[in-house]
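Peer 1: What follows is a predicted protein model with its sequence.
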Amino acid sequence: MLCLDGVNVTSCSSSNVTSLTSGTDLEVYVIKVIIALLITFLINVLNIVNLIILRRMVSINNTVKNLMISMSVSDLLLGIFVCLPGIISALLHFWPFASIFCQITGFINGMSIGVSSWCMTCISIERYLVVVRPLGLQYRQRSWILRLILALIWTTNSATFVLPMLVNEEWTYYKYDDVTFMCGFEWDPYWMIYVALLVYQLCPAVVSSICSVGIIHSLRINLRVAPSTSRETPPLESSLDTLRNSDIMEVQSEGLANVKTIRHNAPIIQPRNILVELKLKKEAKVTKVLMLTQTAFFICTMPYVITSMVQVTQSIVITSFNMFIISWFLNCNSFINVFIYSLTYQEFRTIFKTFKLVQQIRNVLRRN
């Protein structure tokens, strides 16, 4: 059996391999492999489906859509370069790849979490600008700002998780853990865990909370005002320009009303307040999706953060199986967003039903 220099592979010893053949250890090992296989399958398949559907959806504005796509790409990278090698090493009982590949998987593991965290934060800021601040509409029209933000998110997170390797003498900061089947963080020096907690948990949580409170407050006020004024039908004024053409197309695609699509500034046949009310309902739905996604992210990541802090302080001993569950529960965040989108967006479910494989499965179930 192969043991690699610079990789912490305790499972390379023959005693550990033979111990798997005894009763309880073998059962625990099989359960761990099944859990890892299931999560890996869900991450890869659902994120591929998510990328295909998001590109076809028109009910989400381009800024939010591109940030969601960026999150899905980072999650897919985690599934391919972190989870799949982990499955292979679990089946072989040792790390079969080169030491440098362990560094790559550890780097992608951290980068994926960082990209997801700050993409959600940017969505919160974008929603706040659109709903609360009138500058939001101007901001959304500037595509170069979105490209710059995405470049900064990916570049900053890449540099953050490459830096520990560069300062290490042997460039082997990330170590393979035979308990979790993944190359992960050593948190050496210990203060790095507190920096990660501040940058990827506390700061995004504070920013997102402030934006969400402002959005909800603004939506509640506007939704109260819109129905009361919709009884009258005021003349169509230039204030209709506050609703961009793509926004009205988005309202139509959600099935909220039979609103005629505006093309080349064609006249609208619907009253202004009805369109405003529909627009506000659409913004409320996007905000709900954002809050569900953020909640799922923090639920999945906080157990790992707390456990890592406990391990650094060595105050409590955590069993190997519990550490495995916590580590792979963290990976669940990489596919749970797809379920949130499918539950909240009718268009998402409609596009999913058009897949040939889904249609074939539905036909087989109907016949049976």
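Peer 2: Looks like it arrived, so ask away. Numbering: from 1, shown residues only.
Peer 1: tell me the SS of Val179?
Peer 2: coil (DSSP: H, G, I helix; E, B strand; the rest coil).
Peer 1: Give me the distance between the residue lying closest to it once chain neighbours are set aside and Tyr176.
Peer 2: Spatial nearest neighbour of Val179, chain neighbours left out: Ser320 (4.5 Å); criterion: C-beta to C-beta, 6 or more residues apart in numbering. C-beta here means a position set from N, CA and C on the backbone, and glycine is covered the same way. Look at Ser320 and Tyr176: by C-beta to C-beta, to the nearest Å, they are 14 Å apart.
Peer 1: more crowded one of the two?
Peer 2: Neighbours were counted for Ser320 and for Tyr176 using other C-beta atoms under 10 Å; Tyr176 has more, 28 against 13.
Peer 1: so the more buried one bridges to which residues?
Peer 2: Here Tyr176 sits in beta bridges with Cys183, going by DSSP bridges.
Peer 1: Quick check: it vs Thr350, distance?
Peer 2: Distance of Tyr176 to Thr350, computed by C-beta to C-beta: 43 Å.
Peer 1: And Ser209, by the same measure?
Peer 2: Applying C-beta to C-beta to Ser209 and Thr350 gives a distance of 33 Å.
Peer 1: Repeat that for Ser208.
Peer 2: In this view, Ser208 and Thr350 are 29 Å apart by C-beta to C-beta.
Peer 1: Comparing those two, which residue is more hemmed in?
Peer 2: Between Ser208 and Thr350, Ser208 has the larger neighbour count (other C-beta under 10 Å), namely 26 against 14.
Peer 1: Name the nearest residue to that one, sequence neighbours excluded.
Peer 2: Closest residue to Ser208 apart from its sequence neighbours, by C-beta to C-beta, 6+ apart: Ser124 at 4.3 Å.
Peer 1: May I have the phi/psi pair for that neighbour?
Peer 2: Ser124 adopts backbone torsions of phi -60, psi -50, taken as degrees, to the nearest 10.
Peer 1: what does Ala98 give?
Peer 2: Here is the backbone geometry of Ala98 (degrees, to the nearest 10): phi -70, psi 160.
Peer 1: What about it, how many residues nearby?
Peer 2: Ala98 has 12 neighbouring residues, counting by other C-beta under 10 Å.
Peer 1: Next one: it relative to Leu152, how far apart?
Peer 2: 31 Å.
Peer 1: Walking through the stretch 101-250 of the chain, point out its helices one by one.
Peer 2: Taking DSSP state H, counting those that start in this stretch to define them, one finds helices in the stretch 101-250 of the chain at 135-140, 143-167, 192-197, 203-229, 245-253.
Peer 1: In terms of mean pLDDT, which of the ones you listed ranks lowest?
Peer 2: Ranked by mean pLDDT, the helices of the stretch 101-250 of the chain end with helix 245-253 in last place, scoring a mean of 45.
Peer 1: what's downstream of that one, the next helix or strand?
Peer 2: Going down the chain from helix 245-253, the next helix or strand is helix 272-313, by DSSP states H and E.
Peer 1: packing partners for that following helix?
Peer 2: Secondary-structure packing of helix 272-313 (3 or more C-beta pairs under 8 Å, 6 or more residues apart in numbering; DSSP states H and E): helix 99-131, helix 192-197, helix 203-229, helix 245-253, helix 320-331, helix 333-344.
Peer 1: Mind putting these into CSV with distance to Leu78?
Peer 2: Compiled in CSV, the helices and strands packed on helix 272-313 are given as follows (distance: least, C-beta to C-beta, whole Å):
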stretch, distance to Leu78
helix 99-131, 4
helix 192-197, 16
helix 203-229, 18
helix 245-253, 30
helix 320-331, 7
helix 333-344, 5
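Peer 1: of those helices, which approaches Ser89 most closely?
Peer 2: Of all the helices and strands packed on helix 272-313, it is helix 99-131 that lies closest to Ser89, at 9.6 Å by C-beta to C-beta.
Peer 1: which of the residues in that closest one are buried?
Peer 2: 99, 101-131 (16 or more other C-beta atoms under 10 Å).
Peer 1: try stretch 175-188
Peer 2: 175-187.
Peer 1: Farthest-apart pair in those, please.
Peer 2: Farthest pair in the buried residues of stretch 175-188 (C-beta to C-beta) is Phe181 and Trp187. Separation: 18.8 Å.
Peer 1: Might you report the residue contacts of Ile48?
Peer 2: Leu76 (C-beta atoms under 8 Å, 6 or more residues apart in numbering).
Peer 1: I'd like the distance between it and Leu78.
Peer 2: For Ile48, the distance to Leu78 - C-beta to C-beta - is 13 Å.
Peer 1: Then Val64?
Peer 2: Per C-beta to C-beta, Val64 is found 21 Å from Leu78.
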